[in-house]
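Colleague: Output the structure for:
(chains A and B)
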2 protein chains.
Amino acid sequence: MKQFSVKIEVKLKAVVLDPQGKAVLNALGGLGFNGVSDARVGKIVELTMEGESSEEIGRKADEMCRKLLSNPVIEDFSVEIAEK
Amino acid sequence: MKQFSVKIEVKLKAVVLDPQGKAVLNALGGLGFNGVSDARVGKIVELTMEGESSEEIGRKADEMCRKLLSNPVIEDFSVEIAEK
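Modeller: Take a look at the predicted model:
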(Lines give C-alpha, C1' and ligand atoms only; values in the text may rest on other atoms or scores of the structure.)
Protein backbone atom coordinates (compact mmCIF):
# COMPACT_ATOMS: atom_id res chain seq x y z
CA MET A 1 0.00 0.00 0.00
CA LYS A 2 1.22 3.49 -0.78
CA GLN A 3 0.44 6.72 1.02
CA PHE A 4 -1.06 9.67 -0.83
CA SER A 5 -1.65 13.31 0.02
CA VAL A 6 -5.02 14.36 -1.32
CA LYS A 7 -5.90 18.04 -1.54
CA ILE A 8 -9.54 18.81 -2.19
CA GLU A 9 -10.75 22.33 -2.96
CA VAL A 10 -14.45 23.07 -2.65
CA LYS A 11 -15.75 26.36 -4.01
CA LEU A 12 -19.18 27.83 -4.59
CA LYS A 13 -20.14 27.78 -8.27
CA ALA A 14 -19.57 31.14 -9.93
CA VAL A 15 -23.33 31.72 -10.37
CA VAL A 16 -24.04 31.25 -6.65
CA LEU A 17 -24.06 34.26 -4.32
CA ASP A 18 -21.33 34.11 -1.67
CA PRO A 19 -22.37 36.01 1.49
CA GLN A 20 -19.18 35.04 3.33
CA GLY A 21 -17.12 36.51 0.48
CA LYS A 22 -19.26 39.64 0.59
CA ALA A 23 -18.55 39.95 4.32
CA VAL A 24 -14.80 39.63 3.67
CA LEU A 25 -15.02 42.30 0.95
CA ASN A 26 -16.85 44.71 3.27
CA ALA A 27 -14.47 44.02 6.16
CA LEU A 28 -11.43 44.66 3.94
CA GLY A 29 -12.97 47.96 2.82
CA GLY A 30 -13.66 48.87 6.45
CA LEU A 31 -10.00 48.25 7.31
CA GLY A 32 -8.91 50.63 4.54
CA PHE A 33 -7.83 48.10 1.93
CA ASN A 34 -8.83 49.57 -1.41
CA GLY A 35 -8.64 48.05 -4.86
CA VAL A 36 -10.35 44.76 -3.98
CA SER A 37 -13.30 44.21 -6.32
CA ASP A 38 -14.32 40.64 -5.53
CA ALA A 39 -13.90 38.06 -2.79
CA ARG A 40 -15.01 34.42 -2.74
CA VAL A 41 -14.48 31.99 0.11
CA GLY A 42 -14.05 28.24 -0.26
CA LYS A 43 -12.62 25.39 1.72
CA ILE A 44 -9.72 22.98 1.53
CA VAL A 45 -9.75 19.45 2.85
CA GLU A 46 -6.38 17.73 3.03
CA LEU A 47 -6.49 13.97 3.47
CA THR A 48 -3.83 11.34 3.98
CA MET A 49 -5.01 8.17 2.25
CA GLU A 50 -3.67 4.68 1.68
CA GLY A 51 -4.23 2.81 -1.56
CA GLU A 52 -2.71 0.92 -4.46
CA SER A 53 -2.73 3.60 -7.15
CA SER A 54 -3.54 7.24 -7.70
CA GLU A 55 -6.45 6.16 -9.96
CA GLU A 56 -8.07 4.29 -7.05
CA ILE A 57 -7.47 7.26 -4.71
CA GLY A 58 -8.92 9.63 -7.31
CA ARG A 59 -12.10 7.57 -7.63
CA LYS A 60 -12.53 7.43 -3.85
CA ALA A 61 -11.86 11.14 -3.38
CA ASP A 62 -14.38 11.95 -6.08
CA GLU A 63 -17.03 9.87 -4.33
CA MET A 64 -16.19 11.47 -0.95
CA CYS A 65 -16.69 14.91 -2.47
CA ARG A 66 -20.04 13.98 -3.94
CA LYS A 67 -21.30 12.23 -0.80
CA LEU A 68 -19.90 14.33 2.04
CA LEU A 69 -17.42 17.09 1.35
CA SER A 70 -19.33 19.21 -1.15
CA ASN A 71 -22.87 20.07 -2.07
CA PRO A 72 -22.85 19.40 -5.83
CA VAL A 73 -25.93 21.58 -6.35
CA ILE A 74 -24.12 24.79 -5.42
CA GLU A 75 -20.44 23.82 -5.19
CA ASP A 76 -17.64 22.65 -7.49
CA PHE A 77 -14.72 20.62 -6.26
CA SER A 78 -11.26 19.75 -7.53
CA VAL A 79 -8.90 17.01 -6.37
CA GLU A 80 -5.08 16.97 -6.43
CA ILE A 81 -3.25 13.77 -5.59
CA ALA A 82 0.44 13.34 -4.76
CA GLU A 83 2.23 10.22 -3.60
CA LYS A 84 3.97 10.69 -0.26
CA MET B 1 -3.76 49.69 -13.18
CA LYS B 2 -3.64 45.96 -13.71
CA GLN B 3 -5.99 43.30 -12.39
CA PHE B 4 -4.72 40.40 -10.32
CA SER B 5 -6.22 37.14 -9.09
CA VAL B 6 -5.07 36.49 -5.57
CA LYS B 7 -5.55 33.08 -4.00
CA ILE B 8 -5.02 32.87 -0.27
CA GLU B 9 -4.91 29.57 1.59
CA VAL B 10 -5.33 29.59 5.34
CA LYS B 11 -4.60 26.40 7.28
CA LEU B 12 -4.28 25.53 10.93
CA LYS B 13 -0.64 25.06 11.97
CA ALA B 14 0.37 21.40 12.08
CA VAL B 15 0.71 21.47 15.88
CA VAL B 16 -2.85 22.73 16.39
CA LEU B 17 -5.70 20.25 16.88
CA ASP B 18 -8.29 20.39 14.10
CA PRO B 19 -11.73 19.34 15.38
CA GLN B 20 -13.36 20.01 12.00
CA GLY B 21 -10.85 17.68 10.34
CA LYS B 22 -11.52 15.08 13.02
CA ALA B 23 -15.25 15.33 12.28
CA VAL B 24 -14.58 14.82 8.55
CA LEU B 25 -12.40 11.80 9.34
CA ASN B 26 -15.12 10.24 11.51
CA ALA B 27 -17.86 10.97 8.98
CA LEU B 28 -15.82 9.39 6.17
CA GLY B 29 -15.33 6.28 8.31
CA GLY B 30 -19.04 6.19 9.05
CA LEU B 31 -19.79 6.27 5.32
CA GLY B 32 -17.53 3.27 4.77
CA PHE B 33 -14.49 5.04 3.32
CA ASN B 34 -11.48 3.19 4.65
CA GLY B 35 -7.81 4.00 4.29
CA VAL B 36 -8.05 7.64 5.34
CA SER B 37 -5.64 8.30 8.18
CA ASP B 38 -5.74 12.07 8.52
CA ALA B 39 -7.96 15.00 7.56
CA ARG B 40 -7.31 18.72 7.98
CA VAL B 41 -9.67 21.48 6.94
CA GLY B 42 -8.63 24.95 5.83
CA LYS B 43 -10.07 27.81 3.85
CA ILE B 44 -9.44 29.56 0.56
CA VAL B 45 -10.09 33.23 -0.09
CA GLU B 46 -9.98 34.30 -3.73
CA LEU B 47 -9.70 38.02 -4.31
CA THR B 48 -9.73 40.18 -7.41
CA MET B 49 -7.42 43.13 -6.80
CA GLU B 50 -6.21 46.15 -8.73
CA GLY B 51 -2.70 47.47 -8.44
CA GLU B 52 0.49 48.49 -10.21
CA SER B 53 2.62 45.40 -9.61
CA SER B 54 2.49 41.92 -8.13
CA GLU B 55 4.92 43.09 -5.42
CA GLU B 56 2.44 45.74 -4.26
CA ILE B 57 -0.41 43.19 -4.35
CA GLY B 58 1.70 40.69 -2.42
CA ARG B 59 2.44 43.21 0.32
CA LYS B 60 -1.25 44.12 0.61
CA ALA B 61 -2.40 40.49 0.63
CA ASP B 62 0.11 39.68 3.35
CA GLU B 63 -1.19 42.50 5.50
CA MET B 64 -4.82 41.42 4.89
CA CYS B 65 -3.96 37.92 6.05
CA ARG B 66 -2.32 39.16 9.22
CA LYS B 67 -5.06 41.67 10.04
CA LEU B 68 -8.26 39.90 8.97
CA LEU B 69 -8.12 36.64 7.06
CA SER B 70 -6.06 34.50 9.39
CA ASN B 71 -5.28 34.13 13.05
CA PRO B 72 -1.47 34.11 13.02
CA VAL B 73 -1.34 32.47 16.45
CA ILE B 74 -2.86 29.21 15.24
CA GLU B 75 -2.94 29.51 11.44
CA ASP B 76 -0.47 29.68 8.55
CA PHE B 77 -1.31 31.34 5.25
CA SER B 78 0.07 31.31 1.74
CA VAL B 79 -0.59 33.73 -1.11
CA GLU B 80 -0.54 33.06 -4.87
CA ILE B 81 -0.79 35.97 -7.28
CA ALA B 82 -1.55 35.86 -11.00
CA GLU B 83 -2.09 38.74 -13.38
CA LYS B 84 -5.49 38.58 -15.09
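Colleague: contacts, neighbours, all on C-alpha from now
Modeller: Noted.
Colleague: Over to the residue with the largest distance to the centre of chain A. Which of the three states is it?
Modeller: When distances to the mean C-alpha position of chain A are computed (C-alpha atoms, centre = their mean), the maximum falls on A:Gly32, with 28.4 Å. Applying DSSP: H, G, I helix; E, B strand; the rest coil to A:Gly32 yields a three-state assignment of coil.
Colleague: quick one: it and chain B, what's the gap?
Modeller: Taking C-alpha to the nearest C-alpha, to the nearest Å as the measure, A:Gly32 falls 10 Å from chain B.
Colleague: So what does that residue have for phi and psi?
Modeller: The phi and psi torsions at A:Gly32 (degrees, to the nearest 10) take the values phi 90, psi 10.
Colleague: which SSE is A:Lys60 in?
Modeller: Assigned by DSSP states H and E, A:Lys60 belongs to helix A:54-64.
Colleague: neighbouring contacts of that helix?
Modeller: Residues lying outside helix A:54-64 but in contact with it, judged by C-alpha atoms under 8 Å, 6 or more residues apart in numbering or on different chains, are A:Phe4, A:Val6, A:Met49, A:Glu50, A:Gly51, A:Val79, A:Ile81, A:Ala82, A:Glu83, B:Leu28, B:Phe33.
Colleague: and those residues, which are buried?
Modeller: Neighbour counting with 16 or more other C-alpha atoms under 10 Å in any protein chain shown marks A:Phe4, A:Val6, A:Met49, A:Glu50, A:Gly51, A:Val79, A:Ile81, B:Leu28 as buried within the contacts of helix A:54-64.
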